[in-house]
Structures are given as C-alpha cells and as structure tokens.
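K.L.:
I need the structure of the sequence given here:
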Amino acid sequence: MTTSAAARDQHLDELRALMAAHSPPIHALLVPSEDAHQSEYVSERDKRRQFISGFTGSAGLALITAKEALLWTDGRYFLQATQQLSDRWKLMRMGEDPPVEVWIADNLLDGAVIGIDSWCISVDCAQRYEQAFSKKNQMLLELSSDLIDEVWKERPPNDALPVNVHPVEFTGRSVAEKIKELREKLQHEKATAIVITALDEVAWLYNVRGDDVHYSPVVHSYAIVTLHNAFFYVDKRKVTNEVENYMAGNGIDIREYHMVQPDVSLLSSGQLQGSVVNGNLHVEKDIKGQEHSKIWIDSNSCCLALYSKLRQDQVLMLQSPIALPKAVKNPMELDGLRKAHIRDGAAVVQYLAWLDNQMQDHYGASGYFSEANGSQKKEHLEKVKLTEVSVSDKLEGFRAEKEHFKSLSFPTISSVGPNAAIIHYSPEANTCAELDADKIYLCDSGAQYLDGTTDITRTVHFGKPSEHEKSCYTAVLKGHIALDDAVFPNGTTGHSLDILARTPLWKNGLDYRHGTGHGVGSYLNVHEGPHLISFRPSARNVPLQASMTVTDEPGYYEDGNFGIRLENVLIVKEADTKFNFGAKGFLSFEHITWAPYQTKLMNTALMTPAEVEWVNLYHSDCRKILASYLNDEEKEWLRKATEPITMSS
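P.N.:
Predicted coordinates for the structure are as follows:
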C-alpha cells in the first residue's frame, strides 16, 4: 500500500473538510495505529494512520488539527519517521516531546472537540485522554464512523480467509480445559462473564488460527465467555463445516462479527441468550446485589466502543486472565518452540553460508571469515545484484523448506550500513539498498511454524570492519551474554534485568532506544505480553515466571552509519542454585535460538574469560544441534563459523 505525498496532502485536506463539516465541528482528530482489537500488527485495511501520514512503522499516533499534522512514535522509529513524513507533518518523539494528551490540553482552545474512532482506542487510553482534556473542558468525541475511511477510496477489501482449528498436538491443552480454567477465574473474581477482545487471546483460548493479519496467525474475532455459555464472533464466511462442528462440540456459539456490540449490551442488561446446555436454555441474567454480577474486561485491549455498552458499576477492569496462561507455555508448547527454533536456526545458517559465497563471488568480498582489505565489486556484477530485499527473499526460501513452516512472523529487517541504524527498517524492492561488502549487514527475521514462532537477529560484515564497529559489536555481545547468563529470584521483573544488557554499552557512553526483550507466542504473535524486559515502567508490572519465553536483543545504532543488534529467544527456567535465600526459588534462562555470532566482529581483548567460554560453548552446541539439517558444504561453513575463539591481549 503506497500513496504519493501529493495524494496524502489531498487526503489531509479532504479530512479537514470533513472535520469542519461534522456536527459538532471536530477541532482535532486522533488516528491511532491500532485496529478494533488494539493490535500491534494490523491488516492492510486497518492501516489508517499509515494511509494518512505515509509513516509505515508499527507504532505511532497521528493528530490532525485545522492547521497542523503531528505524528508521535517511539525511539525505534525516529529516523524512519524523519525520512517518511512530508514537510506538512511534524514528528513528536515519545519520551522527549509532550504526550499527545498533554499537547492537546496545552495547545487547543477551551471546549475543543477531539474526535476518535471508538473502536480503535482502548479504555485505558480514552480515560487518560479524558482526564487530561477535562482541565480545559475539552471533549473526547466518539465518532459513529471513521473519517479516514471516508477519504480512503481504495481501502483494501475485507477478505474472508478461513478459520483453522489448531490441533492439541501443538497447543498442548484442549479448549474445554482452557474454558474450565477461565470460568474458575471468573468465579474467583466474582464475575459472571468476560469480554475478550485481543486477537491472540481469542485464538489461544479457542485453539484457532487464521490469516487475517500478515505475519500473525490470528482471526478477526471476539469472544464472550460466561459461567454457562461461550460465544465466538467472526465473519461467518470464514467458518468451515469443520470449524462449525468443532465449536459446537465445545459448547461455543458462533455469532457474526458485528453482533459483538449488541451482544455486549444484552450481556450488560442480563439478556444475553446462549445455546442449549444439558437441555436448558441459558440466559445470562444480571444478578443485582449478588456475588457474580461483574463483567470482566482488560482495559488495555478492550475498545471504548464495547466498554461504552456496559454500566460502569458492573465492570471489573483487570488484566486479562488469559494473558499469563498464554505467556507461560505448557510442556508441549515448549517442546514445539525448541524444535521450531532448531529448524529455523538451520535456515539462518544456510542463508549466511549462501550469502557469504554470493558476496565473495559477485562482490569480491573477503567474506565472513577473512578481514582482508580490498573488497572490490567484480565486473559481472550487473548480472547478479544483491539487494536487501532479494537476499531476504532467499532467507524466506530456506525457511519455507522446513517442516511446519507457514509464513514469516514479521517483515524481515534486512539492512545494510546506514539502513541498519533504522531500528525497525522495512526495505522495499524499488527503493532498498544494494549489499555492500564494506558495510555492516543486520538481519532481524523470524517465522511462523505450526509448532512455534521464531525471532532472531544477527549482524555481520563481509569486508574489513573498523575497530569502532568491532568494539560496538563486542559491547552489544557482552550485554547479550550478561542477560542470557542471569540468575535471579522469583518475583523479578524485566525492568530489573534490563540494565544487565545495557551496562557494557553504558561503560562506553552508548545505549539503545528500544526494550531488551519481549515475549514470543506459540504459533501466535511474535510480540507477546504481558511481560517484557525494558527500561519502560510497564516492565515493572509482571514478574518473569518459569516457562515464559522472552527475547534477549540489545543493540547499538549510529544514524547514517551502521546498526548492530543480536537476538536470541530464551525460555525462563528454574535455576539450580547452591542456596535458596528466603525460600523464594531462583530462575535463569535457556536459549533456544541457534546460529553463530560472527567472531570476526569480536574484539576478544574486551571480553572476559567467562564471555569467551560462553561463546565457545554456544558455538559447540550450534554445531551439534544443527548438523543433521545441513549438507556437507553448509556443515563445513558452520564448522569454520564456530571455531573456538581465544583471549587476545
């Protein structure tokens, strides 16, 4: 989906005309990145903020007033936004500039009306805005239709892609078990029902997957689960006979997607009628004054449009009871994740070996192992041109050959030199850079397999890296190892651990503007909460637990020059410690990602003996674990890539 700058300017003018003509007139329009489920990654037809602003990053918020257009985004995207926004837009840097609600309260007149599509804003966010706006009697107006859709004449269609049942051999737990456990939690919190809005939570609870969002195997759907009934709200064109029978067999009513809002109203008034259970027709009655009268929502993922159909006194606002069970993987999910990462690691090794040969053959590069000077492009280069996109397509090809492969888990970040400094760079075929043997190459990629989701980053150089590049790479590697090697008591949050990955960088006056780790789904979203490893305050909310997955991905980026990031997926496990202070129990990490680190980029004089030993042990394991997936030539490449390193003075 690409729109010219001139067309976007015209759309901006059309939008302002609609705002002025609206009753009441809208003084500012908020355009979030999220869809009606507060998703991070959304379908093409839900990329409204991208459509109006031209900024393609996954996180951001646009604000359009009569005279200004502003875009807020986080540190991952500062450089990208600068490059993509036209001069009619102003970039607002999260963490540096005032938040959008503060800017509105400070810059718009008393009584100003701020419009929002109530489906695309969470309850948390809306309440935060309303509190800020109240200082000047400004009003957050819930719009009956999204104004962006009125100017987006070529909005992509709503395709009816089929819902798939995800078998228990991969999920490890049946729907019946999950619903039973969920109802026990409802009873514990004295709630009679829950409205589930996050796409991955619906998919996890009902053991279904789909193709409605690129890279995330989810279905546009909602769920309502009560003490007696369960409902699945989905476009019925997507429901096969198999899925219909499966849902009926699990006591789940299938309703049309758009019926969720009226059904939430019925639920609120105690009139939601469910299926026949044991010969009895169940109606979820409002039990006023009795124990079970609350309706549970997660205010971080439930949209304002649904929340507004509930009485405030009946709402139980807590983190979703599905978030933690989904994040804490069961033994079958962990087994699948380990196996998926081994196959994925083999694909990455095949890719690096192939790319090494290509760079030497067609670009005269000294290669993955040598630091010789004089990388020169060969004369027949015109016949073979390696670009950020063409090489990442080759990586996808290696993955596609592996068992259970379904798709990539996010758009591959294949980036050379200055582009590697754009943290979430997304290359496009017609504008991407050509590979360069004299510049760093960063590749952050992952895949969706039926038995697990992967995410890995490796940074390499096919020529002669500078001493500065080596020292930066080594600092990132030291932080990566420090986090991987951590041992910590139960109850520790990712906020406490984040510093481990940054300390080696801080010692050199360096840092990075993104979090250090995120959860990873089991054939679900590649970014999965509720836990994370980050400097952000939200990382204090959820302690790490055994059997959670989390990434370990420190980095360093120099605008206009290069970027470095190293990433593995870890499983949190119980640690075998000599003592057990306070009888808390201690935790550590198991890495499940397998691909070598480029020893050529390491300055071992900056490393400790323990770090050198860690690298050598990891590389030894790589050889053993990946060997059976590689041909003789690839095995030999891996053998060279994992030769032991020694301390240098």
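
K.L.:
check contacts around the residue lying closest to Leu147 once chain neighbours are set aside.
P.N.:
Distance criterion C-beta to C-beta, 6 or more residues apart in numbering; nearest residue to Leu147, sequence neighbours excluded, is Leu18 at 5.0 Å. Placement of C-beta: from N, CA and C, glycine included. Contact analysis of Leu18 by C-beta atoms under 8 Å, 6 or more residues apart in numbering lists 147, 150-151.

K.L.:
Just the buried subset of those, please.
P.N.:
147, 151 (16 or more other C-beta atoms under 10 Å).

K.L.:
can the contacts of Leu18 go into CSV with extra columns for pLDDT and distance to Tyr618?
P.N.:
Output for those, formatted as CSV (pLDDT from 0 to 100; distance: C-beta to C-beta, whole Å):
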residue, pLDDT, distance to Tyr618
Leu147, 97, 52
Glu150, 96, 54
Val151, 96, 52
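
K.L.:
so where's the longest helix in this protein?
P.N.:
helix 331-363 (DSSP state H).

K.L.:
immediately after that helix, which helix or strand?
P.N.:
helix 388-400 (DSSP states H and E).

K.L.:
what's the angle from that next one to helix 331-363?
P.N.:
140 degrees (axes from the mean of the first three to the mean of the last three C-alpha atoms, to 10 degrees).

K.L.:
packing partners for helix 388-400?
P.N.:
helix 331-363, strand 405-408, strand 413-416, strand 440-445 (3 or more C-beta pairs under 8 Å, 6 or more residues apart in numbering; DSSP states H and E).

K.L.:
Turn these into TSV, including mean pLDDT and mean neighbour count.
P.N.:
Listed next are the helices and strands packed on helix 388-400 as TSV, based on pLDDT from 0 to 100; neighbours: other C-beta atoms under 10 Å:
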stretch	mean pLDDT	mean neighbour count
helix 331-363	98	21
strand 405-408	98	18
strand 413-416	98	26
strand 440-445	98	26
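
K.L.:
Indicate which one of the ones you listed is closest to Ile52.
P.N.:
strand 413-416 (24.4 Å; C-beta to C-beta).

K.L.:
Paired strands for the closest one, with orientation please.
P.N.:
Sheet pairing of strand 413-416 (DSSP bridges) gives strand 440-445 (antiparallel).

K.L.:
after the partner strand, next one along is what?
P.N.:
Next along from strand 440-445, by DSSP H and E: strand 447-449.

K.L.:
Following the chain onward from that next one, which element is next?
P.N.:
Downstream of strand 447-449 (by DSSP H and E), the next one is strand 452-453.

K.L.:
as a whole number, average confidence for the following helix or strand past that following strand?
P.N.:
Using DSSP H and E, the helix or strand that follows strand 452-453 in sequence is strand 456-461. Strand 456-461 carries an average pLDDT of 98.

K.L.:
Dihedrals phi and psi, the residue nearest the centre of the chain?
P.N.:
Centroid-nearest residue in the chain, with C-alpha atoms, centre = their mean: His527, separated by 2.9 Å. The phi/psi pair for His527 (degrees, to the nearest 10) reads phi -110, psi 110.

K.L.:
got it, and Glu401?
P.N.:
Dihedral angles for Glu401 - degrees, to the nearest 10 - are phi -80, psi -10.

K.L.:
For it, which non-adjacent residue is spatially closest?
P.N.:
Ala347 (7.5 Å).

K.L.:
list the contacts for the one you found?
P.N.:
395, 398-399, 401-402, 447.

K.L.:
now do 10 Å
P.N.:
395-402, 405, 445, 447, 454, 456, 595, 626, 629 (C-beta atoms under 10 Å, 6 or more residues apart in numbering).

K.L.:
Emit the ChimeraX select command for whichever of these are buried.
P.N.:
A single ChimeraX command selects the buried members of those (16+ other C-beta under 10 Å):
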select :395,396,398,399,402,405,445,447,454,456,595,626,629
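
K.L.:
ok, the contacts of Ala347 vs Glu189, which is closest?
P.N.:
Thr454 (35.1 Å).

K.L.:
pretty sure that closest one is touching His341, no?
P.N.:
Yes. With contact defined as C-beta atoms under 10 Å, Thr454 counts as touching His341 (5.6 Å).

K.L.:
list residues touching both of those two?
P.N.:
446-447, 520, 569, 592-593.

K.L.:
And the furthest pair within those?
P.N.:
Top of the distance list for those (C-beta to C-beta): Ala447 and Ile592, 13.8 Å.

K.L.:
who touches both of these two?
P.N.:
Common neighbours of Ala447 and Ile592 (C-beta under 10 Å, 6+ apart) are 340-341, 344, 454.

K.L.:
what about stretch 46-58, start to end distance?
P.N.:
12 Å (C-alpha to C-alpha, to the nearest Å).

K.L.:
chain center to that stretch, what's the gap?
P.N.:
Centre-to-centre, stretch 46-58 and its host chain are 17 Å apart (C-alpha atoms, centre = their mean, to the nearest Å).

K.L.:
Pull the number of nearby residues for Tyr228.
P.N.:
Careful, residue 228 is His and not Tyr. Residue neighbour count, defined by other C-beta atoms under 10 Å, stands at 17 for His228.
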